[in-house]
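Engineer: could you look at this predicted model? Sequence included:
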Amino acid sequence: MLPYHSMQQAETALGRELSVAEKLWFSYSANKSDFILDFHNFLFFFFFYSLFSLPYILIDLIEWKKLTKYKIQPRIKISFSGMLRCYKDVVVSSFLVFGPLQLFSYDILKWFGIRTSLPLPCGWEVLSQILIYFLIEDYVGYWLHRWLHTKWAYEKIHHVHHEYIAPIGPAAPYAHWAETLILGFPSFIGPALVPGHIVTFWVWFALRLMEAIDAHSGYEFPWSPAKFVPLFGGAEYHDYHHYVGGKSQSNFASVFTYCDYIYGTNKGYRYQKLISRKDLKRGVKWNYNHLHGSSVKQFLESY
Ligand SMILES: [Zn+2]
Ligand SMILES: [Zn+2]
């Protein structure tokens, strides 16, 4: 809750006029407790998960050729009821995992030093903090994901997420409850080390969720971020990880690919890209489905 009774009082305390965004924040949050503001994380997860997944569900449902031509594994089709089941499973398991956490997450965020008051952060503060969060999350997430591919962790936990050989947008958070906790943990390290405003925290989680859904969408569009952002993994990169499956020792990165480069866990993917480039030169339009039953697939599985 803001420590000001009126906008005038806030302006006097800050020694300047409030910006438009700050006036909006004041109007919205002045009478809401910090616990309620923190509860927004819980609601935003379900809201953004539904909002960002919906376009990909619709593209598959309508089978709009202008867009389905960008599908990475076109032979594998998941029915509407299959997508709905995935969506329902994610909503139910997320509710069961995040629900109890929500009871004490407010105290944790407060302990991190995340603030809810005025002034709002400037654009540069939000951008730089979110970049740091991405880099930290990537590094820790990479090693946790590698651990999830050890025999025990894969068989007990991670195999659930890999049920989708050709992933779909709503399957991004589809996982064993323990994986939801394990891979959710790195998302909080950045905000704990470099705490900011709760609005930054919300933007961070919305962007991370949007990125995860894009990476699992099964579509590599000409406007996908991977085409413009250096070292950004994207859908094709993560699709390869799902395609190879449990034996995959490649493409562990969640967002940026630098860890896979540094630790040499992208060799199989690079080999596949080499083959696809050669095929393209011969006029063969290539996708992962060409690998089924081939010795190339066996080769890739060894990475
Ligand atoms: Zn995996
Ligand atoms: Zn995945």
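Structural biologist: Thanks, I have the structure now. What you are looking at is a predicted structure, and each value in this text was computed from that prediction instead of being measured. Ligands and ions are numbered 1, 2, ... in the order given.
Engineer: residues making contact with stretch 96-106?
Structural biologist: Under the criterion CB atoms under 8 Å, 6 or more residues apart in numbering, residues Asp34, Phe35, Asp38, Phe39, Asn41, Phe42, Phe45, Trp177, Thr180, Leu181 lie in contact with stretch 96-106. No exception for glycine: its C-beta is placed from N, CA and C like everyone else's.
Engineer: closest to Ser250 among the residues you listed?
Structural biologist: Thr180 (23.2 Å; CB to CB).
Engineer: would you mark the buried spots in the helix or strand harbouring that closest one?
Structural biologist: In the assignment (DSSP states H and E), Thr180 maps to helix 177-184. If you call a residue buried by 16 or more other CB atoms under 10 Å, then helix 177-184 has these buried ones: Glu179, Thr180, Ile182, Leu183, Gly184.
Engineer: the fourth one touches Ala175, doesn't it?
Structural biologist: Yes. Under the criterion of CB atoms under 8 Å, Leu183 is in contact with Ala175, at a separation of 7.4 Å.
Engineer: three-state assignment of Arg16?
Structural biologist: Here Arg16 is recorded as coil under DSSP: H, G, I helix; E, B strand; the rest coil.
Engineer: and Tyr243, how far from His162?
Structural biologist: 10 Å (CB to CB, to the nearest Å).
Engineer: name the single longest helix found in the chain.
Structural biologist: Ranked by residue count, the top helix of the chain under DSSP state H comes out as helix 80-112.
Engineer: packing partners for the helix or strand that it is followed by?
Structural biologist: Remark: after helix 80-112, the chain's next helix or strand is helix 123-148, criterion DSSP H and E. In this structure, helix 123-148 packs against helix 177-184, helix 186-193, helix 198-215, helix 258-262, with contacts taken as 3 or more CB pairs under 8 Å, 6 or more residues apart in numbering; DSSP states H and E.
Engineer: for those helices, which one ends up most surrounded?
Structural biologist: Scoring the helices and strands packed on helix 123-148 by mean neighbour count under mean count of other CB atoms under 10 Å gives helix 198-215 as the most buried, with a mean of 20.
Engineer: from the chain's centroid, how far away is that one?
Structural biologist: Helix 198-215 sits 7 Å away from the centroid of its parent chain (CA atoms, centre = their mean, to the nearest Å).
Engineer: what's Phe232 sitting at in phi/psi?
Structural biologist: Note on Phe232: its backbone torsions stand at phi -80, psi 130 [degrees, to the nearest 10].
Engineer: what about it, neighbour count?
Structural biologist: Neighbour count for Phe232, taken as other CB atoms under 10 Å: 18.
Engineer: next one: the one 10 residues further on
Structural biologist: When neighbours are counted by other CB under 10 Å, His242 registers 23.
Engineer: same deal with Val92?
Structural biologist: Neighbours of Val92 under the rule other CB under 10 Å: 10.
Engineer: where does pLDDT dip in the chain?
Structural biologist: Within the chain, the segments meeting pLDDT under 70 span 1, 278-303.
Engineer: center of it - which residue?
Structural biologist: Ala212 (2.6 Å; CA atoms, centre = their mean).
Engineer: dump the residue contacts of that one.
Structural biologist: Ala212 neighbours (CB under 8 Å, 6+ apart): Ala172, Pro173, Ser254.
Engineer: list the contacts of the residue nearest to Phe221 when sequence neighbours are not counted.
Structural biologist: Excluding the flanking residues, the one nearest Phe221 by CB to CB, 6 or more residues apart in numbering is Tyr70, at 5.1 Å. With contacts defined as CB under 8 Å, 6+ apart, Tyr70 is in contact with Tyr219, Glu220, Phe221, Pro222.
Engineer: the second one - how many residues pack around it?
Structural biologist: Glu220 has 18 neighbouring residues, counting by other CB under 10 Å.
Engineer: ok, the first one next?
Structural biologist: Residue neighbour count, defined by other CB under 10 Å, stands at 23 for Tyr219.
Engineer: one more: Ile76?
Structural biologist: Ile76 has 16 neighbouring residues, counting by other CB under 10 Å.
Engineer: what's the answer for Leu14, then?
Structural biologist: When neighbours are counted by other CB under 10 Å, Leu14 registers 13.
Engineer: correct me, but it touches Pro119?
Structural biologist: Yes. Leu14 is within contact range of Pro119, at 6.0 Å (criterion: CB under 8 Å).
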